[in-house]
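>>> Could you work out the structure for the sequence below:
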Amino acid sequence: MPTLDQLAVRLTGYLRWLGVPGIVLLAAVLCDLAVIGSAAFDDVGPRLHDLAIVPGIVLMAACAIWARTQPVAAAFTGAVVLVCSSLLLHLAGVPTYSTLLENLSFAETVAGVELVIYVVRAAHPGVAFASTFSLVVACLLAIAARANNDPVSTLADGSTGVFGAGLLFAAVLFGIGARSPAQQRRKSKLGELFSGQWPLVGLISLLLFFELGAAVSEGPRAAPTLLCSLAAGVLVMTAKRRPVLSAWVLAGLMLVSAVATRLVLRDHSSYVLSGGVPIGQVGAGAVMVVLLIRHTTTARAWPSILVLSGAVALSAMANVRRDGPTLDFDDLQPHILSAFLLLGISVATGLFLRSRDSERKQVVQSAVTDAQTAERMALARELHDVVAHHVTGIVVQAQAAKMVAQKDPQVAVDAMDRIETAGTEALAAMRRLVRSMRGDNPAGTTEFSEQATMSLAADLHKMVDAANHGVYTKIELNLPENLPQEVARSALRLVQESLTNIGKHAAGASIAWVSVREENGELHIKVSDNGRGESQRGAQISGGYGLVGMRERVALLHGRLTAGRAPEGGWRVEAWLPLAQQGAE
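Model prediction:
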């Protein structure tokens with residue numbers, strides 16, 4: 001039998017799987033079951049008769065959960081379930097109860113809203129419209145079928161229409177704001193307007209929804225004020241591009257709304273909250289302050305904030321009392337304190353968001369700079385290691401040909417052939433680097449793939465046999481199997497640069513030794529010669545970056561590098577590259 005800890009872990013896993021929408025839906029189902037269960041066992045009507053509505057509720061909830069993976073199919077199925085269950089309830093004479101929408105349970109309403117959100121978020125606009133339309137029609141049919149009296153009068157009820165329209169509007173906006181990045185790349189103009197602003201859309205929609213509920217009691221007289229609030233909500237959602245201009249327009253809308261409320265509603269101003277400003281406009285003003293602080297400079301933001309504050313103050317003085325405008329400080333004092341508190345919260349929120357935007361911008365700029373620096377360093381190392389190797393071979397062969405040309409012309413001719421080969425290879429290496437810098441490499445290749453094979457041993461033997469550095473070289477290899485490519489590539493470049501340095505600087509060197517072997521989980525690379533020191537023949541072409549590049553390559557692989565005179569004479573370069581760590585990476 002599972003313990004309490006195991007049950008808690010399982011419950012946590014189920015809740016994570018449900019997510020916030022699933023938890024809200026589950027809570028709605030439990031509320032419905034509590035209401036229906038109490039009605040099924042009361043003394044009104046046949047016992048258990050009310051439980052007939054439960055299957056429809058469970059099926060609608062299942063469709064809402066299914067919509068997370070198959071939103072279109074779930075939406076059409078939910079519409080069918082809603083219509084069929086309503087017809088069965090009508091035929092059986094089962095009474096229903098109402099919540100936000102007439103004759104629809106709380107869980108059915110929540111499931112319908114979630115179905116709209118999922119289908120708008122995931123489906124093509126045309127398919128989303130068809131699915132949403134089917135749900136709306138099914139909802140209307142369900143309300144009519146479950147009506148106890150005249151279905152037409154039930155559908156004509158103003159409160160049901162207002163609440164239904166508000167829920168539909170909020171669900172559509174939430175769905176648009178939650179669309180994925182891939183869908184946002186092909187989004188419509190409406191999607192571009194609301195994409196990335198779904199918290200703002202949700203807040204404004206919620207406030208407007210409450211305002212719609214208050215406007216229903218006033219009837220057509222509330223239309224001018226309600227339209228001003230709707231315009232303010234739309235304006236604040238589009239204010240990100242031009243926040244200053246939008247703030248001035250919003251201030252004008254608030255003044256128009258204040259005049260309309262005073263003249264049209266007069267003593268019917270219960271629509272407006274006690275502060276004298278509709279709640280939708282209060283939310284729009286607070287959000288506008290946040291946008292001004294976040295997206296404009298202080299010098300441009302504060303004049304607009306003062307204009308908005310003045311509009312709010314005039315609206316409050318005009319409508320805070322039903323009998324007419326007032327300048328009485330006792331009437332305005334609590335509203336002034338509330339306004340200052342909301343203003344402070346909005347300013348603080350704007351400063352926080354602006355600070356976060358600045359930090360993100362700095363992080364992105366730093367990441368771009370680091371990436372560009374790493375790319376430049378990588379290209380610089382590759383240019384030095386590859387091209388300098390070939391050019392050194394050209395210089396060495398040309399010097400040798402010049403020394404023996406008069407004594408043995410055939411040797412000079414052979415040297416010219418080798419110079420031609422080295423020059424061709426250097427030109428090919430330059431072209432590969434240019435392609436990598438232009439981003440024209442074929443898929444699957446990198447700027448480091450300079451005619452390298454998949455075998456480090458083959459690459460090292462090819463390099464030694466080419467003898468571009470002009471010194472006879474002995475090579476000894478003991479390589480492990482499955483050598484990581486990064487280690488193999490770096491080992492090849494380390495040996496190449498070391499041999500290049502021997503050709504440029506090892507005066508009197510007649511032989512070089514290359515040893516690459518595995519020792520204690522590391523790849524040990526050693527390149528040495530029997531020269532007497534630095535010559536002057538390559539001084540003019542040495543940029544001094546060879547050892548720096550080698551140290552960078554070794555550091556990137558968390559290895560070690562030493563370079564200096566060997567006790568027996570000559571120069572020696574040794575590197576140890578870890579194998580286990582690179583293999584794990």
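>>> Can you list the helices and strands that the lengthiest helix in the chain packs against?
Looking across the chain with DSSP state H, the single longest helix is helix 329-382. Helices and strands touching helix 329-382, by 3 or more C-beta pairs under 8 Å, 6 or more residues apart in numbering; DSSP states H and E, are helix 279-295, helix 298-319, helix 409-438, helix 546-556. All C-beta atoms are positioned from the backbone trio N, CA, C, and that covers glycine.
>>> what secondary structure does K474 sit in?
At K474, secondary structure determined by DSSP: H, G, I helix; E, B strand; the rest coil is strand.
>>> neighbours of it, just the number please.
Other residues near K474 come to 10 when the count uses other C-beta atoms under 10 Å.
>>> Spatially, which residue comes closest to it, not counting chain neighbours?
W513 (5.3 Å; C-beta to C-beta, 6 or more residues apart in numbering).
>>> did I read that right, the one you found in a strand?
Yes: assessed with three-state DSSP, W513 lies in a strand.
>>> Could you check how far it is from A145?
In this view, W513 and A145 are 94 Å apart by C-beta to C-beta, to the nearest Å.
>>> Give me the more crowded residue out of the two.
Between W513 and A145, counted using other C-beta under 10 Å, the more crowded position is A145 (20 against 15).
>>> Quick check: the residue of the chain most remote from its centre vs A400, distance?
Each residue of the chain has a distance to the centre, and by C-alpha atoms, centre = their mean the biggest one is for K407: 71.9 Å. Distance, K407 to A400, using C-beta to C-beta: 12 Å.
>>> Quick one: residues contacting N478.
N478 sits next to V516, R517, E518 when contact means C-beta atoms under 8 Å, 6 or more residues apart in numbering.
>>> measure the residue nearest to G37 when sequence neighbours are not counted to V58 for me?
Nearest non-adjacent residue to G37, counting by C-beta to C-beta, 6+ apart: L51, 7.9 Å away. Relative to V58, L51 is positioned 11 Å away (C-beta to C-beta).
>>> Helix or strand: which one has R517?
Secondary structure from DSSP states H and E places R517 in strand 511-519.
>>> And whichever helix or strand comes after that strand, what does it pack against?
As assigned by DSSP H and E, the chain's next helix or strand after strand 511-519 is strand 522-529. Using 3+ C-beta pairs under 8 Å, 6+ apart, the elements in contact with strand 522-529 are helix 485-505, strand 511-519, strand 571-578.
>>> Compute the inter-axis angle for strand 522-529 and strand 571-578.
With axes from the mean of the first three to the mean of the last three C-alpha atoms, to 10 degrees as the basis, strand 522-529 and strand 571-578 are set at 170 degrees to each other.
>>> For strand 522-529, which outside residues touch it?
The contact list for strand 522-529, computed with C-beta under 8 Å, 6+ apart, reads 471, 479-480, 483, 487, 491, 494-495, 498-499, 502, 506, 509, 511-518, 559, 566, 570-579.
>>> End to end on stretch 39-56, go ahead and measure it.
Using C-alpha to C-alpha, to the nearest Å, the end-to-end distance of stretch 39-56 comes to 17 Å.
>>> Kindly apply the preceding question to stretch 461-475 instead.
This stretch, stretch 461-475, spans 8 Å end to end (C-alpha to C-alpha).
>>> per-residue confidence averaged over that stretch?
For stretch 461-475, mean pLDDT rounds to 82.
>>> That stretch: which residues count as buried?
Buried residues in stretch 461-475, counted by 16 or more other C-beta atoms under 10 Å: M463, V464, A466, A467, N468, H469, G470, V471, T473, I475.
>>> Adding secondary structure and distance to A75, write these out as JSON lines.
Formatted as JSON lines, these follow (DSSP: H, G, I helix; E, B strand; the rest coil; distance: C-beta to C-beta, whole Å):
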{"residue": "M463", "secondary structure": "helix", "distance to A75": "66"}
{"residue": "V464", "secondary structure": "helix", "distance to A75": "70"}
{"residue": "A466", "secondary structure": "helix", "distance to A75": "69"}
{"residue": "A467", "secondary structure": "coil", "distance to A75": "74"}
{"residue": "N468", "secondary structure": "coil", "distance to A75": "70"}
{"residue": "H469", "secondary structure": "coil", "distance to A75": "72"}
{"residue": "G470", "secondary structure": "coil", "distance to A75": "77"}
{"residue": "V471", "secondary structure": "coil", "distance to A75": "77"}
{"residue": "T473", "secondary structure": "strand", "distance to A75": "74"}
{"residue": "I475", "secondary structure": "strand", "distance to A75": "70"}
